[in-house]
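Engineer: I'll drop the sequence and a predicted model, then ask my questions.
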Amino acid sequence: MSSITSWIRLEPGCRNPDMSDGLQARIYDPLWLLARQWQVGEFQGEDNGSPAMAHFRAETSRLTRFQAGRIPPNTMVKASGYDPAVTPLEVMVERERVRPAPDQQVRREKLRLAAESGLHFLRAIDTQAVSQNYRESFVRKYGLPLLTDEDRKLLDGESLSFLELTAGRVPDGRQLYASLKPDHSGDIALPADLNIAHEDAAEVQQAVRVWRRWYESIFSEPDAGGSCWVPERMEYAFSVGGRLSDGEVPLTAQEYYEGNLDWYDFDLNLEISLGAANDNAISQISHASIPAPISFRGAPANRFWELEDARVDFGSVKAEPEDLARMLLVEFAITYGNDWFVIPVDLPVGSICRSLPLIVTNTFGERFVIRSSKDAGPQYAAWRMFGLSSTRSSDMPQIVSDLLFLPPALMKSMESRPIEEVLFVRDEMANMAWGIERVIESATERPLNRFEQQRYSPPALTNQADAEKLMYQLATQTPDNWVPLLPVRTETGLRLQRGKVLRTDGPPAFIAAHGAILNPDGPGNDGLKIHEEEIPREGISITRHYQLTRWENGSTHLWIGRKKRVGRGEGSSGLRFDTLTPAKSE
């Protein structure tokens with residue numbers, strides 16, 4: 001009788017206890033392996049092996065010093081300490097004073113901050129276990145003052161409405177901070193006219209301490225080191241530094257204005273010293289990794305049956321015979337793109353890195369020492385990627401640097417509407433420049449449109465008899481928000497100095513700047529002298545913003561920063577002198 005044989009599972013059975021043959025993993029088709037090597041480009045190396053292992057070594061140093069402003073050459077300064085793990089560099093550079101100084105209480109500035117901080121003080125008092133309510137006592141002594149006739153003339157409508165609502169009802173936080181100060185022992189002397197009960201004095205003093213810490217931590221403001229903003233250049237300038245094994249490494253950013261810091265904003269400046277020669281923030285890095293081929297859009301695919309990204313087609317790039325840079329880029333991407341490899345390196349934020357010779361082991365077991373282009377010879381010294389340049393003066397040659405800088409820069413921050421905007425334009429007809437205040441910060445920290453607030457007197461109607469009469473006019477009328485910048489000759493070259501224009505359409509008055517950009521040293525100071533080349537024919541636009549961000553340690557930073565952008569071209573104010581106009585009707 002026939003039978004049907006079936007198998008549920010096949011299992012190999014080896015009669016030889018030696019398993020060396022199985023561990024060898026022999027194959028019967030070595031040509032398949034050769035084909036795979038051809039597909040991944042193994043045979044394009046001209047008998048060279050691919051990198052299989054890379055041993056990376058480097059020394060790094062965190063930034064330890066920060067100095068605001070420009071530093072002249074051959075200068076030694078004692079820069080303040082800086083920890084990039086605590087504060088991002090943009091905040092250190094851009095921040096400016098927001099809270100008024102205790103000895104400079106300006107009544108018509110920061111009214112909203114004064115009112116909100118005063119209300120927060122009352123809430124801090126309510127959290128304490130006191131025997132009675134002291135709200136009325138603090139409001140009566142430190143309350144915002146009532147409106148005056150001068151306030152109604154100078155303040156805008158929104159600020160007047162805010163002050164009418166809060167005056168006499170809310171304590172002024174500026175006065176509270178200036179009055180309730182701790183002494184050398186930490187005690188806070190409470191004024192006698194507040195009528196604080198003896199058993200409540202400790203609780204009230206504790207509320208004051210808590211409130212003062214809150215008031216001091218609202219905004220990130222510069223310390224005694226000063227501001228990084230250079231008014232005559234309309235940009236930021238500062239220096240940072242650390243120390244490597246061979247000495248101090250000072251870095252200088254001479255022209256920063258776009259709002260996003262990166263490594264190319266810095267230059268190696270060996271003509272200054274920041275006092276970091278004795279700082280100890282050096283660490284060594286040593287790790288081994290497998291190099292990976294670089295990848296980019298349009299790169300040749302490694303697998304044989306894989307199609308390249310169609311969004312980038314280097315074959316369709318049109319280049320003329322003189323477009324050498326474009327042709328070199330295409331040749332690199334198509335022919336030599338697979339000759340580059342990348343290895344991951346973790347560096348601390350805000351560190352200066354100098355890589356030591358790289359040791360690479362290929363697939364044949366050969367080891368190669370790869371040095372930097374600086375040490376490879378004079379024929380390779382000019383080739384660099386992501387290397388810092390050095391500042392060069394007339395008596396100092398250009399220095400080739402092998403340093404890699406990872407600045408403690410922000411990825412993203414929240415930005416408010418401009419609280420101040422000034423447009424600088426050239427007026428060729430008047431042979432001068434103008435600073436047009438389009439937006440300024442109001443007394444309640446709100447953007448105030450200066451064009452809507454400017455004074456304008458419409459021309460009076462003239463009858464036929466008066467039209468035949470002419471009247472001499474010293475100067476034509478210019479808008480209130482146009483601040484003149486007059487060319488003056490100085491020892492360092494031509495400057496544009498802030499000037500004044502006489503108003504003749506009413507009571508004699510001079511046009512003055514109201515914002516902080518054209519008043520770098522406060523209202524009434526005419527020391528602003530901008531370099532003539534800083535205002536091109538295209539003009540420039542300077543804005544101030546509130547900015548908020550969070551750093552890697554979880555801290556939150558709120559500050560005011562400035563940005564410079566390209567303007568809107570030339571402009572004309574219509575200013576003319578010694579003109580004859582038709583007489584006005586009575």
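Structural biologist: Looks like it came in fine. Numbers count the residues shown, from 1 in each chain.
Engineer: how about residue 451, secondary structure?
Structural biologist: Reducing the assignment to helix, strand or coil with DSSP: H, G, I helix; E, B strand; the rest coil, the entry for residue 451 is helix.
Engineer: just checking, it touches residue 481?
Structural biologist: Yes: checked against CB atoms under 8 Å, the pair residue 451 and residue 481 is within contact range at 6.2 Å. In this view, the C-beta of every residue, glycine as well, is placed from N, C-alpha and C.
Engineer: Spit out the residues that contact those two alike.
Structural biologist: Residues touching both residue 451 and residue 481 comprise residue 438, with contact defined as CB atoms under 8 Å, 6 or more residues apart in numbering.
Engineer: When the two are compared, which one has more neighbours?
Structural biologist: The neighbour comparison of residue 451 against residue 481 (other CB atoms under 10 Å) goes to residue 481, with 25 against 13.
Engineer: gap between that one and residue 514?
Structural biologist: As judged by CB to CB, to the nearest Å, residue 481 and residue 514 stand 8 Å apart.
Engineer: Give me the common contacts of those two.
Structural biologist: With CB under 8 Å, 6+ apart as the test, residue 481 and residue 514 both reach 437, 450.
Engineer: now residue 116, nearest residue through space, not along the chain?
Structural biologist: Taking CB to CB, 6 or more residues apart in numbering as the measure, residue 116 lies nearest to residue 173, with 7.3 Å between them; neighbours along the chain are not counted.
Engineer: This structure - how does it break down into domains?
Structural biologist: 61-95+227-289+345-356+372-406, 111-216, 292-342, 414-573 (automatic domain parsing).
Engineer: would you list those in JSON lines and tack on distance to residue 29 and mean pLDDT?
Structural biologist: Conversion of these to JSON lines gives the following (distance: least, CB to CB, whole Å; pLDDT from 0 to 100):
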{"stretch": "domain 61-95+227-289+345-356+372-406", "distance to residue 29": "33", "mean pLDDT": "87"}
{"stretch": "domain 111-216", "distance to residue 29": "76", "mean pLDDT": "89"}
{"stretch": "domain 292-342", "distance to residue 29": "17", "mean pLDDT": "81"}
{"stretch": "domain 414-573", "distance to residue 29": "53", "mean pLDDT": "81"}
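Engineer: still on that earlier bit, could you list which residues are in contact with the residue nearest to residue 116?
Structural biologist: When contacts are counted by CB under 8 Å, 6+ apart, residue 173 is found next to 113-118, 120-121, 215.
Engineer: Go again with 6 Å.
Structural biologist: Neighbour list for residue 173: 114, 117-118 [criterion: CB atoms under 6 Å, 6 or more residues apart in numbering].
Engineer: pretty sure residue 212 is in a strand, no?
Structural biologist: No: secondary structure assignment places residue 212 outside any strand; it is helix (three-state DSSP).
Engineer: Show the contacting residues for it.
Structural biologist: Residues in contact with residue 212, defined by CB under 6 Å, 6+ apart, are absent; none qualify.
Engineer: one more time with 8 Å, if that's ok
Structural biologist: Contact analysis of residue 212 by CB under 8 Å, 6+ apart lists 177, 180, 182.
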